[in-house]
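**Student:** Following is a predicted model, sequence given first.
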Amino acid sequence: MHIAHHPIFIALASLTAWLGAWTALDVFRRVRAHVGGWRLAWLTATAVAMGLSIWSMHFIAMLGFNPGAEVRYDVSRTVLSLLLAIATTAFAFFFARGGGARREIMGGVVMGAGICTMHYVGMSAVITSVTLVVEPVYVVLSFVVAVSASTSALFVARSETTPPQRVLAAAVLAFAIVGMHYTAMFGVRVLPGSLSEVGSGGVDSLVLAIAVAAGTLFILLLALIAAISDRRFVAAALTEQQSRERVATALAEKSEAEAALMRAQRLDALGRLTGGVAHDFNNLLTVVIGALDVILRNPEDAARRQRLGEAALSAARRGQRLTAQLLAFARQQPLQPELRELNALIRQAEPLLRRAMSERVRLTVRLSDDNAVARIDPAQFEATLLNLIVNAVDASTSAGGEIVVETKLCTVSAGEVATLVPGQYFRMRVADSGQGMSPDVIKHIFEPFFTTKPPGKGTGLGLSQVYGFVKQSGGEIQVDSAEGAGTRFSIYLPVTAEQPEQDQDATSQRVAIVRPLSILLVEDDPSVAAVTDAMLTDFGHKVHRAANADEAQRVLWSDAQVDVLFSDVVMPGGMNGVELAKHAVSKRASLKVLLTSGFAGESLDEWLSQGAWPFLRKPFLSTELAQALANLEPEPRDDARAGAPSSARG
C-alpha cells in the first residue's frame, strides 16, 4: 500500500528546503568575491547550509511519514546521511565555483546524485516493524529530477543576479530537493504482513525533531551571518569610497592651489617688468608717433617719408615682439617645443631681462659664437632665464653687484654631469655676486613652494619651474653656491645638428597673388577696419564692411556675393567670430573663413578649438594678409610682387 504524508510536514519540508537553498546560493555568491582563507570559509558555509537543508528537509518530511507502524532511526546511518549531504554539495559548489558550462553541469550532476544518495541512506536508517520496498523506476525518476533542478540552480547562481532571480534560483533548487524526496517516496511500498516489535534501537521521532530544529536554526544563523557580512562590507565600501572622494577633493584643491601659486609666480615676475616694459613701449610709440607726424607735415618729401616709415614700422615690429614675449611668458598652458638657436633666443630676450634689473645691479651677457640648436619651448626657455635673473637680483646685496649670463657649447663625458649621457650640450651659466646659499638650503631649492624670501615676496615655484623645464628638455641643472660668495646656476641642454626654425622676416619675401575676391570684413574697431579695408582694396578685392555679427549676418543672409568671411574673433554683441563662422558656413557651404584677433588667453584658444579655420594674429602686414588669403585657395598661385610672407596659422 502507499504511505501517507502529513500535509503540515510537507509544507515545513518545502519551506526548509527553500530557506536552505536561498542561504546556500546567497553565501555562494561571496565565494567568487573573496580569495584565500575567506573564500574557503564561505565555500564551507555554502556546503554546510546546502547539506543541512537537504538533510533537514528529508527528516522533517520523514516526521510526517506514516507507514502504519512506529518509526525509529538508526543513529549512525542518520549521521552518515548528513555528512554525505554536506560532502557532495561541498564538492559540487567547489567544482562549479570557477564558472563555465561544463563545470556547472558536472556540479549539478554531483549535487543531484548527492541529494538522491542522502535520501536513500536516510531511508535505510528507518527502523520499523513493517517491510518497505522501493520501485526502481522511481529511483531513476528521482535522480533525474534532482540532477536537472540542481544543474539549473547552479546556472542561475553563476552570474550576478537580481534579488528576484536569486529567489527563483532558490525555488528551483528547493524543488530539486523536495521533488526528488517525494518522487522517491511515491515509489515506496509497504508489504502486507504481520507487525513485529520495533525494539529499543535508534532514536525516536522526538529526538530527530530536536536535531532537525537545531539544523534549521543553524541555517538561519548562516543567513544572519551573511547579512551582517553584507552590511559590514557595504559599510567598508562606503568608507573606502568616502576616503577616495576626500583624497580626490584634496588633490583637486592642491592642484588648484599650485596653479594659483604658479600664476602668482608669473605675475610676480611680470610685475617686476612693468616699469621697464612701459618705458620700452613709450620709446617705441615715440618713434611711431613722431615719424607719422613728420610724414603728415611734410608729405612731399618722398625720401624722408620712406626713411621715417621704415623706422616707424621697425619700432612697431619691436613692440609686437615684446608683446609676444610677455604673452608667451604669461600663458598658463604648455607651448610646443621648437628647433631654436639658443644664443639667438637670449639676444631676443635681453631687452626683457634688463627690465628686470634694479639700478644697483649690472647685467653682463657673454654669448658664444657657436651655433647651438636645441628642441625646446622658446617661451619656457625665456621664462627659465627670467626666473634665474629675478632670483639673482633678489639675492644681490644692498651694495649692488653683477649678474653674468654666459653660454658655451661643450662636450660632456660619461660621469661628468649627473644623469647626462655623453655628447654635446649647450651650457648656460647664470652667476651672481649676491648672498649665496648654505648647503641645507641648496638641498631644497628645487622643491615646490620652498623659498627663503620673506612672506609676500615669493611663491617658491620659480626654481621648481626651472628644474621642470630643464628635465623635460632632456637636460640637467647644477648649483654652485656658498654663503657670502654668490651663486652660479649651470643649465645643460642637448643640442642637435638640425637647422633651427626661423622667425618670419618682414622685409625680403614675396607676396602671393590671388584672384579678386568678394570679402566680408567683420571688425568692430573702425581704425583697424579702415586699415584692413585699404589693404584688401590694394590687392583688388571687393570689401563688404560689418561692425558686428548682426550686420555681418544681414550681408550673409542677402543675395550679395561673398567668397571669404574675414572676421575678428572677439566682438561685442554676444556672438564671437567663431560662432559667426559656424552660422555663415551653415548658410553658405562653399564660404571660406579666415579669423583674426589680437586677444590672447585661454578663452581664445577654446573658441578657436571649436572650428578648423585658419587664424591670422594681429598685428599683421598687408603681405601677410595676402598670403593668408592665398592659402584659402585650393590651387597654389604664382608669386608676383615683392613683399613679406604670411604668418597665418591654422
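**Tutor:** Sure, I can see it.
**Student:** Over to Ile477: give its phi and psi.
**Tutor:** The phi/psi pair for Ile477 (degrees, to the nearest 10) reads phi -130, psi 140.
**Student:** My guess is it contacts Leu493. True?
**Tutor:** No - between Ile477 and Leu493 there is no contact under Cβ atoms under 8 Å: 9.8 Å. To be clear about C-beta, it is placed using only N, CA and C from the backbone, and glycine gets the same treatment.
**Student:** what's the overlap in contacts for the two?
**Tutor:** Val470 (Cβ atoms under 8 Å, 6 or more residues apart in numbering).
**Student:** I'd like the mean pLDDT over stretch 519-526, please.
**Tutor:** For stretch 519-526, the mean pLDDT works out to 90.
**Student:** Could you list the buried residues of that stretch?
**Tutor:** Neighbour counts over stretch 519-526 (16 or more other Cβ atoms under 10 Å) mark Ile519, Leu520, Leu521, Val522, Glu523, Asp524 as buried.
**Student:** Now do the contacts for the second one.
**Tutor:** Which is Leu520. His544, Ala546, Ala552, Val555, Leu556, Val562, Val564, Leu565, Phe566, Ser567.
**Student:** contacting residues for the residue nearest to the second one when sequence neighbours are not counted?
**Tutor:** The shortest distance from Ala546 to any residue other than its chain neighbours is 4.0 Å, reached at Ala552 (Cβ to Cβ, 6 or more residues apart in numbering). Under the criterion of Cβ under 8 Å, 6+ apart, the contact list for Ala552 reads Leu520, Val522, Ala546, Leu565, Ser567, Leu580, Ala584.
**Student:** State the mean pLDDT of stretch 557-573.
**Tutor:** Across stretch 557-573, pLDDT averages out at 88.
**Student:** picking up where we left off before, and the contacts of Leu520, which of them are in helices?
**Tutor:** Judged by DSSP state H, the contacts of Leu520 include Ala552, Val555, Leu556 as members of helices.
**Student:** Let me know the distance separating the last one from Leu625.
**Tutor:** From Leu556 over to Leu625 the distance is 21 Å, taken as Cβ to Cβ, to the nearest Å.
**Student:** Over to Gly574?
**Tutor:** Taken as Cβ to Cβ, the span from Gly574 to Leu625 is 27 Å.
**Student:** the more surrounded of these two?
**Tutor:** With neighbours defined as other Cβ atoms under 10 Å, Gly574 and Leu625 compare such that Leu625 has more, 23 against 9.
**Student:** Show me where the stretch 551-650 of the chain has its strands.
**Tutor:** Using DSSP state E, counting those that start in this stretch, the strands of the stretch 551-650 of the chain run over 564-568, 592-597, 615-617, 639-642.
**Student:** Of those, which is nearest Gln424?
**Tutor:** Among the strands of the stretch 551-650 of the chain, the nearest to Gln424 by Cβ to Cβ is strand 615-617 (35.0 Å).
**Student:** and the closest one, what other elements does it pack with?
**Tutor:** For strand 615-617, the elements it packs on are strand 592-597, helix 622-632, judged by 3 or more Cβ pairs under 8 Å, 6 or more residues apart in numbering; DSSP states H and E.
**Student:** what's the angle from the shortest one to strand 564-568?
**Tutor:** Pointing back at strand 592-597 there. Interaxial angle of strand 592-597 relative to strand 564-568 (axes from the mean of the first three to the mean of the last three Cα atoms, to 10 degrees): 10 degrees.
**Student:** Each with direction, which strands does strand 592-597 pair with?
**Tutor:** Strand pairing for strand 592-597, determined by DSSP bridges: strand 564-568 (parallel), strand 615-617 (parallel).
**Student:** between these, which gets nearest to Val110?
**Tutor:** strand 615-617 (73.0 Å).
**Student:** average pLDDT across the closest one?
**Tutor:** Average pLDDT, strand 615-617: 84.
**Student:** can I assume Ile491 sits in a strand?
**Tutor:** Yes - Ile491 forms part of a strand when assessed by DSSP: H, G, I helix; E, B strand; the rest coil.
**Student:** Retrieve the pLDDT associated with Phe599.
**Tutor:** 65.
**Student:** and Thr407, how far is that from Ser558?
**Tutor:** For Thr407 relative to Ser558 (Cβ to Cβ), the value is 60 Å.
**Student:** In terms of neighbours, single out the busier of the two.
**Tutor:** Higher neighbour count among Thr407 and Ser558: Thr407, with 20 against 10, using other Cβ under 10 Å.
**Student:** got the contact list for the more buried one?
**Tutor:** For Thr407, the contacting residues are Leu342, Asn343, Ile346, Arg366, Leu367, Ser368, Ala372, Phe426, Arg427, Met428, Arg429, by Cβ under 8 Å, 6+ apart.
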